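>>> fold the following and give me the result.
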Amino acid sequence: MVHGGRVTDATQPENSLAPGLYIVATPIGNLGDITLRAIDVLKRCDGIACEDTRVTGKLLKHLGISKPMWRYDDHSEHRDRSRLVESTRDRAVALVSDAGTPMVSDPGYRLVNDCRAEGIPVTVLPGACAAVAGLALSGLPNDRFLFAGFLPSKEKARREMLEELSAIDSTLVFYETAPRLTKSLTTIGEVLPDREVAVARELTKLHEEMRRGLPAGLIAYFEAHPPKGEIVLLVGPPPERVASEEDADAMLIDALRTMKASQAAAQVAKATGVDRKTLYARAMELRSA
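I've put the predicted structure just below:
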C-alpha cells in the first residue's frame, strides 16, 4: 500500500501515515501556493513541529486542519530534539517552518540528522522557497548560485563575509531584514562596487516588488521608500574580465609550449572570452617570430 509516496504496512489504518519525519514546505506569502501533497500530509500526520505555533496555527485554520503542535526553532535544546525524534518512531510528525522550505536557513537539519542516525524514515515534500523565487524573478544569472543565508548584522562581520565571497563566480543569494537593507547595500557597494544587485521584497504577496541596479541607486530608492516585509537580496556574479593584449599574449606563449596553435587559441579563448580566430592568428604570429 502506498501513502504519500511511501510504502506502508497493510495493517495500518487507511488514512494514517507511516511513522517518520515529513519535511513540509509551506507558502512564503500567498496561501494558494500550498501543495496538494502538503495539505494531505498535514491532515493525516499525528502532529506538527514548527517554529511558531501562532504562525502555523493561522495556516492550519485556513486549511481547516486541527493538529497538536510542538515548537522547534533555533532556541530548542538537545533534549527537545531528542523527544521529537522519539515521537517519530511510532508517529508521523510533519516539520514546517514559518514560511517556505524547512532546512533553508533553518535549524531543522539537526533534527533530520538525528532521525537518520536513528534509522527513522525522512520524507521531503518540495514547495515554496523565497531564495529560489527571488532568483527566478531577478533575471540575474542562475546557472550557478550560492545561497548564504542572512548577512551578519555587524558591519565588520558583514564586510568580511562579502570579501570572502567576492571571488566566487556565481550569483550570491542572501536573506535580509527591512531595517538592515540599506546598511547591507552600502557594504555591498563598498566591497563589490561593480556588481549588479537585485532586491526582491514581499514575494508572492500583494505588494511584491523587485528592484535591480547598482548599490548606489538602490540605496537612494530605499532611503526614499523605506522597505517593509521579507527580503531576498541578490548580488550578480563578477563582470567578465576583458584580457589585455599583453595578458592574452602571455597566456598564448605559455600554452604554445605544449600545444598546437589551434589548441592554444581554444584554451585562451575559453579563459578570456577573446575571439578564438583572432587568438589563432596571433598564435601563428608568435610561433613564427
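>>> local confidence estimate at the residue lying closest to residue 232 once chain neighbours are set aside?
Closest residue in space to residue 232, ignoring its immediate chain neighbours: residue 134 at 3.1 Å, by C-beta to C-beta, 6 or more residues apart in numbering. (Each C-beta comes from the backbone N, C-alpha and C, glycine too.) At residue 134, the model reports a pLDDT of 98.
>>> could you do residue 125 as well?
As predicted, residue 125 sits at a pLDDT of 97.
>>> got the buried residues for stretch 196-211?
Using 16 or more other C-beta atoms under 10 Å as the burial criterion, the residues of stretch 196-211 that qualify are 196, 197, 198, 199, 200, 201, 202, 203, 204, 209, 210, 211.
>>> cool, stretch 120-135 as well?
Buried residues in stretch 120-135, defined by neighbour count with 16+ other C-beta under 10 Å: 120, 123-125, 127-135.
>>> again, but for stretch 103-118
Buried-residue list, stretch 103-118, by 16+ other C-beta under 10 Å: 103, 104, 105, 106, 107, 108, 111, 112, 114, 115.
>>> rounded mean pLDDT for it, please.
What stretch 103-118 shows for mean pLDDT is 89.
>>> on that earlier part again, list just the nearest of the buried residues of stretch 103-118 to residue 160.
The nearest member of the buried residues of stretch 103-118 to residue 160, counting by C-beta to C-beta, is residue 105 at 19.1 Å.
>>> okay, the residue lying closest to that closest one once chain neighbours are set aside: pLDDT?
Of all residues not flanking residue 105 in the chain, residue 149 sits nearest, at 4.5 Å (C-beta to C-beta, 6+ apart). With respect to pLDDT, residue 149 scores 95.
>>> quick one: low-confidence ranges for this protein?
Scanning the chain for pLDDT under 70 picks out the ranges 1-14, 241-243.
>>> try it again at 90.
Residue ranges of the chain with pLDDT under 90: 1-16, 72-80, 103-110, 167, 193-194, 238-252, 254-259, 264, 266-276, 286-289.
>>> dump the residue contacts of the residue nearest to residue 59 when sequence neighbours are not counted.
Using C-beta to C-beta, 6+ apart and skipping residues adjacent in sequence, the residue nearest residue 59 is residue 26, 6.1 Å away. Residues near residue 26 by C-beta atoms under 8 Å, 6 or more residues apart in numbering: 34, 38, 56, 59, 96, 97, 98, 99, 100, 127, 128.
>>> now those as TSV including distance to residue 191 and secondary structure?
Supplementary listing: the contacts of residue 26 in TSV, determined by distance: C-beta to C-beta, whole Å; DSSP: H, G, I helix; E, B strand; the rest coil:
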residue	distance to residue 191	secondary structure
34	39	coil
38	39	helix
56	38	helix
59	38	helix
96	35	coil
97	30	coil
98	30	coil
99	29	coil
100	28	strand
127	34	coil
128	31	coil
